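Chemist: need a 3D model of the following:
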Amino acid sequence: MADTSAALVDPAVEGEEAAGMSKNQKIALGVGAAAAAAGVAVLVGAAGFGTGYVVYKTVKGKKQDASPFRLHVLVKNAKGLENEDTWSLSDPFTVVEVDHVSKRTKTIKDDLNPVWNEELDLGLLREQVEDAETMIKFGVKDEDPGRDESIGHAEMALSSVTSHRKDFTLQLKQGTLNVEMWTSGELPPAPPKDEQDEK
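Modeler: So this is what the prediction gives:
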């Protein structure tokens with residue numbers, strides 16, 4: 001079994017380091033600690049972006065997200081979401097994922113037609129861009145204590161996105177998610193041939 005120790009986050013954050021972290025960054029570290037306890041290889045980035053946080057699903061996630069070639073996702077809004085709460089309305093947020101990296105928006109309280117207008121960006125590796133089967137996955141979830149509930153999900157091919165900004169309306173199980181996407185930067189060089197042979 002491969003050694004995944006480098007991918008696990010130490011839940012102990014002390015002194016000035018903890019004091020200087022945002023609420024979402026601390027939440028992100030909590031996710032990493034829970035995954036570590038479960039024996040899952042997860043690395044959570046404490047460095048914030050916007051108001052969301054990033055989860056590296058494997059060791060390779062950190063390399064992916066450091067790539068100069070970026071996927072930009074402006075999560076605009078959702079309309080007509082299904083309500084997952086009994087006594088109030090859902091508290092939705094959106095997760096965007098490409099392979100080893102996922103990022104999420106802030107949470108909007110009590111709203112089935114939430115407006116985020118929040119830009120998330122994810123690094124992309126050359127092999128992901130060149131693979132026609134690479135998918136961008138979207139999940140809209142209801143934030144709840146203990147466990148978040150799925151409101152709906154969608155996915156589309158990464159190859160549908162270019163350097164030109166374009167709007168997309170994604171159909172969920174109920175309602176729609178509206179995003180704008182584009183790419184920027186330069187693709188990293190192809191790995192040496194001996195590394196490709198090892199794959």
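Chemist: isn't residue 189 up against residue 126?
Modeler: Yes. The criterion here is Cβ atoms under 8 Å, and residue 189 meets it with residue 126 at 7.4 Å. Every residue, glycine included, has its C-beta placed from N, CA and C.
Chemist: and these two? Which one has more around it.
Modeler: residue 126 (14 against 7; other Cβ atoms under 10 Å).
Chemist: ok, and the closest non-adjacent residue to that one?
Modeler: residue 187 (5.0 Å; Cβ to Cβ, 6 or more residues apart in numbering).
Chemist: same question for residue 58.
Modeler: residue 100 (4.9 Å).
Chemist: and the one you found, what is it in contact with?
Modeler: By Cβ atoms under 8 Å, 6 or more residues apart in numbering, the contact set of residue 100 is 56, 57, 58, 60, 61, 64.
Chemist: any idea how far it lies from residue 152?
Modeler: Distance, residue 100 to residue 152, using Cβ to Cβ, to the nearest Å: 23 Å.
Chemist: show me the helices in this protein, by range?
Modeler: 15-19, 23-37, 59-65, 126-130, 193-198 (DSSP state H).
Chemist: what's around residue 156, how many residues?
Modeler: Residue 156 has 15 nearby residues by other Cβ under 10 Å.
Chemist: would you confirm that it contacts residue 169?
Modeler: No. Judged on Cβ under 8 Å, residue 156 makes no contact with residue 169 at a distance of 10.8 Å.
Chemist: and the closest residue in space to residue 129 that isn't next to it in sequence, what does it touch?
Modeler: Excluding its sequence neighbours, the residue lying closest to residue 129 (Cβ to Cβ, 6+ apart) is residue 187, at 6.2 Å. Going by Cβ under 8 Å, 6+ apart, residue 187 touches 69, 124, 126, 129.
Chemist: most surrounded residue in the contacts of residue 100?
Modeler: residue 61 leads these on contacts (other Cβ under 10 Å) with 25 neighbours.
Chemist: what's the distance between residue 178 and residue 128?
Modeler: Residue 178 is 24 Å from residue 128, by Cβ to Cβ.
Chemist: returning to what we had before: name the nearest of the contacts of residue 100 relative to residue 114.
Modeler: The shortest approach to residue 114 among the contacts of residue 100 belongs to residue 57, at 25.1 Å (Cβ to Cβ).
Chemist: what's the burial count for residue 74?
Modeler: For residue 74, the neighbour count with other Cβ under 10 Å is 17.
Chemist: find the residue closest to it in space, skipping its chain neighbours.
Modeler: residue 180 (4.1 Å).
Chemist: perfect, I'm done here.
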